[in-house]
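Peer 1: Quick one, fold the following:
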Amino acid sequence: MDLHPGVLVRDYRIVSLLGEGGMGEVWLAEETLLGRKVAVKRLNPKLTGDAQFSERFVNEARIQARLIHPNIVALYNFFIEVGIYYMIMEYAEGITLKELISKTGPIQEQRTRYIFGQVINALSHAHSKQIIHRDIKPSNIMIDEADSVKVMDFGIARLLSDKHLTRTGAKLGTLYYMSPEQIMAEKNIDHRTDIYSAGIVLYEMLTGRLPYNTNVDSDFIVMKEIMENPVPDPRDIYQFISGGMADLVTEMTHKDVKDRVNLSEIRQADDFLSEPESKVRSHQELNQSDKVGNSAYEELFWAASEGNASKLRSLLEIGVPVDIQDPDGWTALMYAADKGYTDCVRLLLEKGAKADIKAVNGETALDIAMSNHHDDVETQLRHQKAEAAKSENKDFSNYTIPAFIFVFFVLIVLAIRSCVQGY
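Peer 2: Next comes the predicted model:
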């Protein structure tokens, strides 16, 4: 059966295609009896007769059936229809963590704690059921508007007791997030491989980038780097990360599995999993600070990159410098210009932000807006530049005219004195 919008598969009416890969497709559908959205995952019909793929698909369904947790996508149903395997999954609203990082760059630390804490909860539950995911990465983590997390895609997960599903020498996972033991395709991989992968995800959330050189075509170079080089301190990329979070990255990504931190130790940190009242600290909380510190600067950059004008206003009103620069020399104005947030650019300019400040690479906010083709922002910045030039000319006139009058007056006085002395 070919799937397309409107087709009915048992009680599920197909709405649209969500994604597809080598093993099959995922469709958005509506359950007709309950009127709820679901995700329909179908094994590619061409693979149904292949025991290796059909067994893996059934294994995924059995694993999902054991995982009932608010931070893990739930399995609603599993069946074979006209010889084709189907899974009916919970439909997770929102965007992937990968998309969030691409949109915002480094995620503000308090927000990172809340999101990542839910990932840890999901993994802890899976590990308690003797299930390892083996493919933890940002594209397998969904985030909704309230920053609630759903971990998904247990397609290569396995029960620790089911050794036969992974052949010795078979590397399963996504290279950049693989642990050293996955790279080596060790036979007795356990839950600690997920801890390593989650540590790489945490690094990426905090810095906006991976800890490895991604500008190479050779997998061998990347694998060698994973095997031999320690994950760098994320503060080398973004200095506003706290020491505790930087240490956690290190503790999760030790090469030797025996040295890695346990998830239970992370979950015991009360401030790590607590839900924030908002994604950034409130105006009142910041006002209670004895001084504006690095966290406030970080929040200024985050608010600008998120397009949060009200938070920007609150931070600036309590004294956060409008032109503070991050390690790359970027200002809040540059972050807002990069994303094309006209409201934030207007606010920052009104608060005195300078458009001619240069980043480490020599770019100004205007250069950044032009390179990203944000025409409205470019117009704002050019207007501000023109107004600044007018103001400078006006200021020059205000000083030169009185100065000319003063000099003229002095010359007259000197002339009179000369005449008097002559008589």
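
Peer 1: going forward, measure contacts and count neighbours with C-alpha atoms only.
Peer 2: Will do.

Peer 1: can you confirm Arg346 is in a helix?
Peer 2: Yes. Assessed by DSSP: H, G, I helix; E, B strand; the rest coil, Arg346 belongs to a helix.

Peer 1: Make sure it is actually in contact with Gln380.
Peer 2: Yes. Contact criterion C-alpha atoms under 8 Å: Arg346 and Gln380 qualify, at 7.3 Å.

Peer 1: mind listing the strands for this structure?
Peer 2: All strands of the chain, identified by DSSP state E, fall at 8-9, 12-20, 24-31, 36-43, 75-81, 84-90, 95-96, 131-132, 141-143, 149-151, 158-159.

Peer 1: Let me know which of those strands is tucked in deepest.
Peer 2: strand 149-151 (a mean of 27; mean count of other C-alpha atoms under 10 Å).

Peer 1: didn't His69 look like it was pressed against His125?
Peer 2: Yes. Assessed by C-alpha under 8 Å, His69 is found in contact with His125 at 7.3 Å.

Peer 1: ok, the spatially most central residue of the chain to Ile80 distance?
Peer 2: For the chain, the residue nearest the mean C-alpha position is Ile101 (2.2 Å; C-alpha atoms, centre = their mean). Distance from Ile101 to Ile80, counting by C-alpha to C-alpha, to the nearest Å: 37 Å.

Peer 1: hmm, back to that, let me know which of the strands of the chain is the nearest to Thr364.
Peer 2: strand 95-96 (30.8 Å; C-alpha to C-alpha).

Peer 1: Could you please name the strands that closest one pairs with and the direction of each pair?
Peer 2: strand 141-143 (antiparallel) (DSSP bridges).

Peer 1: List of residues touching the partner strand?
Peer 2: By C-alpha atoms under 8 Å, 6 or more residues apart in numbering, the surrounding residues in contact with strand 141-143 are Ala92, Glu93, Gly94, Ile95, Thr96, Leu97, Lys98, Val119, Val149, Lys150, Val151, Met152.

Peer 1: what's the distance between that strand and the middle of its chain?
Peer 2: In terms of C-alpha atoms, centre = their mean, to the nearest Å, the centre of strand 141-143 is found 11 Å from the chain centre.

Peer 1: so for it, what's the average pLDDT?
Peer 2: For strand 141-143, mean pLDDT rounds to 96.

Peer 1: With stretch 14-28 instead?
Peer 2: The model assigns stretch 14-28 a mean pLDDT of 90.

Peer 1: CA-only coordinates of that stretch in CSV, if you can.
Peer 2: Extracted in CSV, the C-alpha atoms of stretch 14-28 (Å, rounded to 0.1, in the frame of the first residue of the first chain):
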residue,chain,number,x,y,z
ILE,A,14,-2.5,9.8,7.0
VAL,A,15,-1.9,13.6,7.0
SER,A,16,1.6,14.3,5.8
LEU,A,17,5.1,12.9,5.6
LEU,A,18,7.4,13.8,8.5
GLY,A,19,10.6,12.1,7.4
GLU,A,20,12.1,9.1,5.7
GLY,A,21,15.3,7.1,5.7
GLY,A,22,16.8,3.9,4.5
MET,A,23,14.6,1.7,6.8
GLY,A,24,11.3,3.4,6.2
GLU,A,25,9.1,6.5,6.6
VAL,A,26,7.4,8.4,9.4
TRP,A,27,4.0,10.0,8.7
LEU,A,28,1.8,12.4,10.7
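
Peer 1: how about the residue nearest to Tyr341 when sequence neighbours are not counted, what does it touch?
Peer 2: Distance criterion C-alpha to C-alpha, 6 or more residues apart in numbering; nearest residue to Tyr341, sequence neighbours excluded, is Gly307 at 5.6 Å. Counting by C-alpha under 8 Å, 6+ apart, Gly307 touches Ala336, Lys339, Tyr341, Asp343, Cys344.

Peer 1: Can you give me the pLDDT of the third one?
Peer 2: It refers to Tyr341. At Tyr341, pLDDT is 92.

Peer 1: In the chain, where is pLDDT below threshold?
Peer 2: Residue ranges of the chain with pLDDT under 70: 155-173, 269-296, 391-404, 406-408, 420-423.

Peer 1: try 50
Peer 2: 159-171, 277-293 (pLDDT under 50).

Peer 1: Who has more neighbours out of His69 and His125?
Peer 2: His125 (17 against 14; other C-alpha atoms under 10 Å).

Peer 1: Count the neighbours of the nearest residue to Glu145 once chain neighbours are set aside for me.
Peer 2: Nearest residue to Glu145, sequence neighbours excluded (C-alpha to C-alpha, 6+ apart): Gly94, at 6.5 Å. For Gly94, the neighbour count with other C-alpha under 10 Å is 17.

Peer 1: Now do Gly94 against Lys37, distance only.
Peer 2: 13 Å.

Peer 1: and if you look at Met23?
Peer 2: 23 Å.

Peer 1: Then Glu225?
Peer 2: On the measure of C-alpha to C-alpha, Glu225 and Lys37 end up 43 Å apart.

Peer 1: again with Lys98
Peer 2: 23 Å.

Peer 1: Kindly indicate which of the contacts of strand 141-143 lies nearest Lys41.
Peer 2: Using C-alpha to C-alpha, these come closest to Lys41 at Met152, 12.1 Å.
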